[in-house]
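Trainee: No letters, just coordinates:
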């Protein structure tokens, strides 16, 4: 199977990879690589690609979700149409029994992402939304999500945050996890930080059914398999397509920043 470290080239290979991961007890999150589209034609094309992914996951009986970015669905050119596309895809996913997630983006799109997730919940469709620990607004956003019945997915952040100190970001991340754990609701996290994973595993050891640990394609393969074998809920984020330059640049920057700080991700 041909792929780069971080991405897969097309839907068939993403589905095949997901099938393999499912056999290892790992759920998958499929994401179409095509950010910041500026035309309605491009946005419709991305939406169609997601529809194909949802139908394929359903047809093959895979344990997988889809994750969308509003910028790939046309939010920068026609916000109303992008909202409609998001809700329609969420509807398709719900009817197919496929989980639906709205991914993180830059600060300027967070309000729109919360609005889109709220529209999905208004129609009683389940939805997960990524929140970034390095943003000052996130604690307030968590309370909005919980009030609306939206499942939060906590990440440190991969764009431009309000803070840059890794230790402080980690402390904020852990505070978010503790708050949601206090309310007893399900949530997801995405991190490769060994210290955070250890502390969160200790915190959630008797509530494993309420947390999912998410990892990226290209990192932490041993940790994914080990945690799944130990009974944790584990997922792998699988981006696919040909428009991966921006995504790959963020991943490479992440590794550089880790190296500069003397840190390493989990193996």
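Mentor: Yep, that arrived. Only a predicted model underlies this, so the values are computations on that prediction, with no experimental measurement involved.

Trainee: Please enumerate the strands of the stretch 1-150 of the chain.
Mentor: Under the criterion DSSP state E, counting those that start in this stretch, the stretch 1-150 of the chain contains strands at 27-32, 64-68, 99-102, 128-132.

Trainee: Put together TSV for those strands, with mean neighbour count, mean pLDDT and distance to residue 166 on each row.
Mentor: Where C-beta positions appear, they are placed from N, C-alpha and C, glycine not excepted. Output for these, formatted as TSV (neighbours: other C-beta atoms under 10 Å; pLDDT from 0 to 100; distance: least, C-beta to C-beta, whole Å):
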stretch	mean neighbour count	mean pLDDT	distance to residue 166
strand 27-32	24	98	24
strand 64-68	24	99	24
strand 99-102	24	98	25
strand 128-132	24	98	14
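
Trainee: what's the helix or strand for residue 152?
Mentor: Per DSSP states H and E: residue 152 is located in strand 151-155.

Trainee: what inclination does that strand have with respect to strand 27-32?
Mentor: Angle of strand 151-155 versus strand 27-32, following axes from the mean of the first three to the mean of the last three C-alpha atoms, to 10 degrees, is 80 degrees.

Trainee: before we move on, the earlier item: I'd like the strands of the stretch 1-150 of the chain laid out as CSV, including distance to residue 241.
Mentor: Below are the strands of the stretch 1-150 of the chain laid out as CSV (distance: least, C-beta to C-beta, whole Å):
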stretch, distance to residue 241
strand 27-32, 5
strand 64-68, 13
strand 99-102, 17
strand 128-132, 19
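
Trainee: Any idea which of those strands gets closest to residue 171?
Mentor: strand 128-132 (14.3 Å; C-beta to C-beta).

Trainee: top helix in the chain by residue count?
Mentor: With secondary structure taken from DSSP state H, the chain has its longest helix at helix 40-60.

Trainee: what's it packed up against?
Mentor: If you count contacts as 3 or more C-beta pairs under 8 Å, 6 or more residues apart in numbering; DSSP states H and E, helix 40-60 packs onto helix 11-23, strand 27-32, strand 64-68, helix 79-96.

Trainee: Give the buried residues for it.
Mentor: 42-43, 46-47, 49-51, 53-54, 56-58 (16 or more other C-beta atoms under 10 Å).

Trainee: before we move on, what about stretch 254-267?
Mentor: Within stretch 254-267, the residues scored as buried using 16+ other C-beta under 10 Å are 254, 265-266.
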